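Undergrad: sequence below, structure please.
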Amino acid sequence: MSAPLRIGSRGSRLALWQANWVRDRLAEAKTAAEIVIIKTAGDVEQERPLHTLEGKGFFTKEIEDALLDRRIDVAVHSLKDLPTALPPGLALAAVPRRADAAEALVAREQGIASVLELPKGARVGTSSLRRVAQVRHLRPDLEVLPLRGNVPTRVNKVTSGSGPDAALLALAGLSRLGIADGAAVRLDPFEVMPAPAQGALGLEIRADDSAARNALRPLEDGGSAAAVAAERALLAALGGGCQAPVAAYTETTVEEGREKTRLYGRVVSGDGSLALTASTPLDPADPAAAGRAVARLLSEQGALKLLAR
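TA: Numbers count the residues shown, from 1 in each chain. Sure, this is the predicted structure:
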């Protein structure tokens, strides 16, 4: 009997939910696995906004180091946190079916369903430059405050009154922890566009580990993999890291009985004064081409200058 696959994960409730979900799916496919908890730089530094920290991969580097050192066999990431350029020797083996990519608004005042409905001068918590820029674009009158901590902590700071009046979080994380109902409302992705690959998990392995690759193959979802490949190609083409104010959203609609998928990208200036949006059809056979095309359209509008500010 072969040894169980060792799954590397952060120790937060959300990260462990995701790692356990992967372990359970592997068990259904008759593959045994165990979870190894690894502390990352993003877990250690909980006070400062991420964009003020040096380097990249704040939630992934230590887990990738464990992969390279053969202390684990599979790394489970929130794919939006994983840099687009992987270290030599590592590969993305599978992208499971993606959860809803949309943003969620958690507000202390009940009945608010949009950033546009927040009271004048309300305090909004987020440490994401992408979210900060979009909130400032929509509502220059709002006060945007840094907000760190795990998902339940951020929600509690809003609902208890000990923090800001509202906060923006990924709907997928709230839903996975069972705290979306009653605490959050889904935002239209064209109001506040999500991060590239938001809502998706990325299962990373050593590139030469064929056993792990074969074990993870049943977890792959082709549609989700194509969508996040396009979004991550957009981010890479713009030269942005996972903390850059670059947003992306892939939408599939049915027209005349046929599915059509379109990739949208957005870059907003840090002060919110200018927002650039572009889109193009996505061909599942070459999703990265859509990402590069949208990056080119945004660049023609001046996106690179906005990102360089």
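
Undergrad: does anything pack onto the helix or strand encompassing V22? Which helices or strands?
TA: Take DSSP states H and E as the rule and V22 turns out to sit in helix 13-28. With contacts defined as 3 or more Cβ pairs under 8 Å, 6 or more residues apart in numbering; DSSP states H and E, helix 13-28 has these neighbours: strand 5-9, strand 33-37, strand 74-78, helix 151-159, helix 171-176, strand 201-206. Just so you know, the C-beta spots here come from the backbone N, C-alpha and C atoms, and that holds for glycine as well.

Undergrad: let's go with 6 Å and repeat that
TA: Contacts of helix 13-28 with other secondary structure elements, assessed using 3 or more Cβ pairs under 6 Å, 6 or more residues apart in numbering; DSSP states H and E, are made with strand 5-9, strand 33-37, strand 74-78.

Undergrad: JSON lines please, covering these and showing distance to L105 and mean pLDDT.
TA: As requested, the helices and strands packed on helix 13-28 are arranged in JSON lines below (distance: least, Cβ to Cβ, whole Å; pLDDT from 0 to 100):
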{"stretch": "strand 5-9", "distance to L105": "28", "mean pLDDT": "97"}
{"stretch": "strand 33-37", "distance to L105": "31", "mean pLDDT": "97"}
{"stretch": "strand 74-78", "distance to L105": "19", "mean pLDDT": "96"}
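
Undergrad: next one: A200 from S224, what distance?
TA: When Cβ to Cβ, to the nearest Å is applied, the distance between A200 and S224 equals 6 Å.

Undergrad: who touches both of these two?
TA: By the contact definition Cβ atoms under 6 Å, 6 or more residues apart in numbering, A200 and S224 are jointly contacted by 95, 98.

Undergrad: which of the two has more residues huddled nearby?
TA: Between A200 and S224, counted using other Cβ atoms under 10 Å, the more crowded position is A200 (25 against 22).

Undergrad: can you give me the pLDDT of the more buried one?
TA: At A200, the predicted lDDT confidence score is 98.

Undergrad: with S127 instead?
TA: 88.

Undergrad: A3 now?
TA: According to the predicted model, the pLDDT of A3 comes to 88.

Undergrad: could you check how far it is from A212?
TA: A3 is 12 Å from A212, by Cβ to Cβ.

Undergrad: what about these two, which has more around it?
TA: Remark: of A3 and A212, A212 carries more neighbours, 23 against 8, as counted by other Cβ under 10 Å.

Undergrad: that one should be in a helix, yeah?
TA: Yes. When classified by DSSP: H, G, I helix; E, B strand; the rest coil, A212 is found to be part of a helix.

Undergrad: now it, nearest residue through space, not along the chain?
TA: Setting aside the residues directly before and after it, A212 is nearest to I205 in space (Cβ to Cβ, 6 or more residues apart in numbering), at 4.4 Å.
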